[in-house]
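Please work out how this folds:
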Amino acid sequence: MSAQKAASLFLDASRPWKRLQREDIVETVGSAVIIDELEELEILFLTIDEIDNLESCPRLRKLTLLDNGLKKISNLNPVGITLTSLCLCDQNITKVDRGLDLPNLRELFLHRNYITSIVGLEGCPRLRKLWLFQNNLKSVTGLHSVPELQECWLQANELSKLTGFEHCSMLTVLGLAGNPISDFEELRRLVPLQKLHSLSLSDIHFGRCPLADESKYKEFVLTTFKQIHLLDDVAVTKDMLQQAERAHDEQARAFDAALHDIEEQFRLELMTIDANHQSRETHSAALEREMAAALQELQVLVGEGRESINKQAARHEALMNGNLKSLEERLQEAASKAKKELSSSLSHMHDEHDTISSMFCVLERVLSAD
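Below is the predicted model of the structure:
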């Protein structure tokens, strides 16, 4: 929004709400004109917040309001049947309210507003011309409601995708310049529009789409949309078509050659991969055989080691048993010897005891005699 427009909105907020009055209509067309018979009405720059009092113009076919500060579209029912052209440009409109009932409307001009989406056209089934350039559109929606649409101007919006034209089989003129469209695949979405003969992605007034700066842009459009007669406001000549077809053929041949090179390179890479795979398989088989031989050798070594250990264990067991038997024999011999010596000592002690006892008896007799 420009600073001037913002300032205008600020000033408008401080004044009373202004509706279009019969007096405004009379002042615009002049008192000599019979209002009841008026078929065309054009009001320029008169500040109006809302349309009203159109019942004064029951035969009105064309209504044009330019730079009036309108904030919404309303109160058109009194001329709903007769109105065939409606222009509300350079206003402050942000949306088309649902309920717009204009069954005979052929032309709708809403350029240079602040509209963000295409809705509310269900009541205009016979619409053929729609101008919405220089708004804030980010996507194309709602055009299925206007199957008779022939001309659509959407320049200088914020469109990057071209979905939404599927039901516009009658479309002949499409303006898209000044939108951020950068992908050729988006243009391919328009191929079903067989009646499209004028297409614009570059315009001196609205600017260029990024796609229009691509070197293959014109060749792509002219070979993809052969029914196009006017491209970017320039008539398509037979020479242009032939040049585009030659360039397209050269590009196709270059593409085929590049594709062949890629396929050949891919084939060589596959062969290399296959050779490497076979080499790895051979190496893997050899490694597997080596591992099997090593495992078998290891099993033999383990068996031999186990047998050697068992033999050593048997020898140790026999040696231990022999030593144990020898030790038992020596212990028995030592015990027998000790027993004999103990028996001899006890016998000697008994003899000494008997001797001492005899000596005591003799001593006792001697003492008794004394």
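
what about stretch 52-64, start to end distance?
14 Å (C-alpha to C-alpha, to the nearest Å).

Just give me how far that stretch sits from the chain centre.
50 Å (C-alpha atoms, centre = their mean, to the nearest Å).

residues of that stretch that come out buried?
Buried positions in stretch 52-64, judged by neighbour count with 16 or more other C-beta atoms under 10 Å: D52, L54, S56, C57, L60, R61, K62, L63. Glycine gets a C-beta too; all of them are placed from N, C-alpha and C.

got a markdown table for those residues, with pLDDT, secondary structure and distance to I118 too?
Shown next, in a markdown table, are the buried residues of stretch 52-64 (pLDDT from 0 to 100; DSSP: H, G, I helix; E, B strand; the rest coil; distance: C-beta to C-beta, whole Å):
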| residue | pLDDT | secondary structure | distance to I118 |
| --- | --- | --- | --- |
| D52 | 92 | coil | 26 |
| L54 | 94 | helix | 24 |
| S56 | 92 | helix | 31 |
| C57 | 93 | coil | 28 |
| L60 | 96 | coil | 25 |
| R61 | 97 | coil | 24 |
| K62 | 97 | strand | 22 |
| L63 | 97 | strand | 20 |
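
Could you export the residues you listed as TSV, including distance to N323?
As requested, those are exported to TSV (distance: C-beta to C-beta, whole Å):
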residue	distance to N323
D52	131
L54	133
S56	139
C57	137
L60	135
R61	135
K62	133
L63	131
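
quick one: which of these is nearest H197?
K62 (26.3 Å; C-beta to C-beta).

That closest one contacts E39, correct?
Yes. In this structure, K62 is within contact of E39 by C-beta atoms under 8 Å, at 6.8 Å.

intersection of neighbour lists for the two?
Residues within reach of K62 and of E39 at once, by C-beta atoms under 8 Å, 6 or more residues apart in numbering: there are none.

Could you list the low-pLDDT ranges of the stretch 51-200 of the chain?
99 (pLDDT under 70).

mind listing the strands for it?
In the stretch 51-200 of the chain, the segments counted as strands under DSSP state E, counting those that start in this stretch are 62-66, 85-89, 107-109, 129-131, 151-153, 173-175, 198-200.

D203: neighbouring residues, count only.
Residues contacting D203 under the criterion other C-beta atoms under 10 Å number 19.

so what's it up against?
Counting by C-beta under 8 Å, 6+ apart, D203 has contacts Q155, G175, A177, G178, D232, D233.

Quick check: closest non-adjacent residue to the third one.
Spatially, and ignoring its direct neighbours in sequence, A177 is nearest to D203 (3.7 Å; C-beta to C-beta, 6 or more residues apart in numbering).

in the sheet, who's paired with that neighbour?
Beta-bridge pairing for D203 (DSSP bridges): G207.

Which residue would you name as the spatial centre of this protein?
A centroid search over the chain (C-alpha atoms, centre = their mean) returns K161, at 15.7 Å, as the residue closest to the centre.

Please tell me I have it right and it contacts E186.
Yes. Counting by C-beta under 8 Å, E186 is a contact partner of K161 at 6.1 Å.

Mind listing what's buried along stretch 79-86?
V79, T82, L83, T84, S85, L86.

contacts for stretch 71-88?
49-52, 54-55, 57-66, 70, 91-97, 100-110, 113.

tell me which strands and helices the longest helix anywhere in the chain is in contact with?
As assigned by DSSP state H, the longest helix anywhere in the chain is helix 238-369. Contact partners of helix 238-369 among helices and strands, from 3 or more C-beta pairs under 8 Å, 6 or more residues apart in numbering; DSSP states H and E: helix 217-224.

Tell me what angle the helix it packs on forms with helix 238-369.
Relative orientation of helix 217-224 with respect to helix 238-369: 100 degrees, computed using axes from the mean of the first three to the mean of the last three C-alpha atoms, to 10 degrees.

tell me the average confidence for the helix or strand following helix 217-224?
Going down the chain from helix 217-224, the next helix or strand is strand 230-231, by DSSP states H and E. Strand 230-231 comes out with an average pLDDT of 96.

count of neighbours near D67?
So D67, with other C-beta under 10 Å, has 17 neighbours.

so who does it touch?
Applying C-beta under 8 Å, 6+ apart, the residues near D67 are L44, F45, C89, D90, Q91.

Drop anything exposed from the residues you listed.
C89, D90, Q91.

Was I right to think L231 contacts S200?
Yes. Between L231 and S200 there is a contact under C-beta under 8 Å: 7.5 Å.

okay, now the domains of this structure?
Per automatic domain parsing, the structural domains of the chain span 3-243, 244-370.

Most tightly packed of those?
Highest mean neighbour count among those (mean count of other C-beta atoms under 10 Å): domain 3-243, with a mean of 17.

ok, H144 - contacts?
Residues in contact with H144 (C-beta under 8 Å, 6+ apart) are E166, H167.

So it versus R267, what's the distance?
In this view, H144 and R267 are 49 Å apart by C-beta to C-beta, to the nearest Å.

cool, N113 as well?
Taking C-beta to C-beta, one finds N113 at 59 Å from R267.

got it, and R98?
60 Å.

Next: C124.
59 Å.

Touching, R22 and S31? I think so.
No. Using C-beta under 8 Å, R22 makes no contact with S31, being 11.8 Å away.
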